[in-house]
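# Fold the following and give me the result.
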Amino acid sequence: MVEGAREVWITGVGIVSCLGEGAEAHWQKLMQAEPNADATIFAPFVVHSLAPINFDAQIPKKGDQRQMENWQRIGTYAAGLALESAGVKGQADILARMDMIVAAGGGERDVAVDSNILSGMPGAANPAAFLNERLMSDLRPTLFLAQLSNLLAGNISIVHGVTGSSRTFMGEEMAGIDAVRIAHARIGAGQSDIALVGGSFNSERPDMLLLFDFASFVLKNKFSPVWERGGKGFALGSLGAFLVIEARQHAEARGAKPLAKLVAVVADRASRKPGTITATLSRLWEKLKDKLKAGQIAVLSGATGADPATAEERKFLEAQGELAIRATGSYFGHGLEPQFPMNVALATIALGHGRLFPPSDSTGLERPMKGELRQILVTGVGHWRGEGLALVERIG
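Take a look at the predicted model:
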């Protein structure tokens, strides 16, 4: 954040995952320290499935729901929760100038069509012609539109009336990091007053599980907490996470109470050569260290469980002394694009309660919090590319 920039507040949080929906439901589940994962539904892959949700509560029109894929329903629902939390839902004058930055992946595939094509190609006389014919005749025209990444932002605009500027970022974990970073920078610089920021991910997709398994990234057969996996990979989790962040002056003018202050967000994009991730995180730490309050800071890590990213992040964290660390992926899995906004949201919730939830780790990295909790450093290290840190601070 540049000198003289405006103070940035978090005034709304909307989250859904395998733990439930909303801030309080998540806090209660996290305090129970019981990870929620399943290795049977999509065996052998371990998946954190979305908790039952009544989408009607935030997406009242069935027609709107029908034209969305599940990742869009998850995101639109979480966005509605965030707007409610911030006290701006239905306030057309604010929503008309609210900016939106969404982190999104590609659309969901028609698995039945894919399966039929893969089954038929080996026996086809002309596989290329067979493939072209099936794609032309079997795919619904709407599928191509549904695969547009910016449709999540479009649906949020339609359902909730958020009609300011809109940006959609792609790029897995880095997209979520940059969404928060750029929203923070724009508000701090006076280019925006209030923004809706976040993303969503549907983990219950055989095509995505297969895709990540090709690169040996997916945890299989048995669940274990992130730090105990030895680099075996991530358990995908269905997530929706949105934040309302705004300039302090704007929030005060409308009588909104802050949930936390977003002090700074920094990011980089290191290669995956040995040592580069640890070095990059150390450089990012140097940019924030003057803002850190010794003895009053904890870490919420977005570590995936896949090496080398997780091993190098652990090395970085261990070099910072006795910090209270929590890997949230142990509780609700890894959601790629929304993982970073989700952890910023959980940092906000924990600061509101004034304490951390219990560890879920037997390796000794996660310790009880000593001293008063005033700040939380959120880490995000992509399984393939991208690193970021966000500093969230309690107000009052």
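# Could you pull out the helices in the stretch 251-396 of the chain for me?
Secondary structure of the stretch 251-396 of the chain (DSSP state H, counting those that start in this stretch): helices located at 276-288, 309-318, 329-332, 339-353.
# tell me the mean pLDDT for the first one?
If I follow you right, that is helix 276-288. Averaging pLDDT along helix 276-288 yields 97.
# repeat for the last one
The average of the pLDDT scores along helix 339-353 is 98.
# Okay, buried residues for it please.
Using 16 or more other CB atoms under 10 Å as the test for burial, helix 339-353 gives 339-351. Any C-beta I mention is one placed from the backbone N, CA and C, and that applies to glycine too.
# And for the first one?
Within helix 276-288, the residues that qualify as buried by neighbour count (16+ other CB under 10 Å) are 277-278, 280-281, 284-285, 288.
# in the stretch 251-396 of the chain, which ranges drop under the pLDDT threshold?
In the predicted model of the stretch 251-396 of the chain, no residue satisfies pLDDT under 70.
# would you list every one of the strands in it?
260-268, 297-301, 324-327, 375-381, 387-393 (DSSP state E, counting those that start in this stretch).
# residue furthest from the geometric center of this structure?
In the chain, counting by CA atoms, centre = their mean, residue 125 sits farthest out from the average C-alpha position, at 45.1 Å.
# OK, contacts around the spatially closest residue to residue 206 that is not a sequence neighbour?
With CB to CB, 6 or more residues apart in numbering as the criterion, residue 206 has its nearest non-adjacent residue at 5.7 Å, and that residue is residue 111. By CB atoms under 8 Å, 6 or more residues apart in numbering, the residues touching residue 111 are 205-207.
# Okay, and which of those residues map to strands?
The members of the contacts of residue 111 all map outside strands under DSSP state E.
# that older thread, looking at the strands of the stretch 251-396 of the chain, which is closest to residue 60?
The closest of the strands of the stretch 251-396 of the chain to residue 60 is strand 260-268. By CB to CB, the value is 30.1 Å.
# for the spatially most central residue of the chain, what are its contacts?
Relative to the mean C-alpha position of the chain, the nearest C-alpha, by CA atoms, centre = their mean, is the one of residue 338, at 1.8 Å. For residue 338, the contacting residues are 75, 103, 176, 198-201, 239-241, by CB under 8 Å, 6+ apart.
# Excluding chain neighbours, what is closest to it?
residue 199 (3.8 Å).
# Assumed the one you found was part of a strand.
Yes: assessed by DSSP: H, G, I helix; E, B strand; the rest coil, residue 199 belongs to a strand.
# Distance-wise, check it relative to residue 73.
Distance, residue 199 to residue 73, using CB to CB, to the nearest Å: 13 Å.
# Between those two, point out the one with more neighbours.
residue 199 (35 against 25; other CB atoms under 10 Å).
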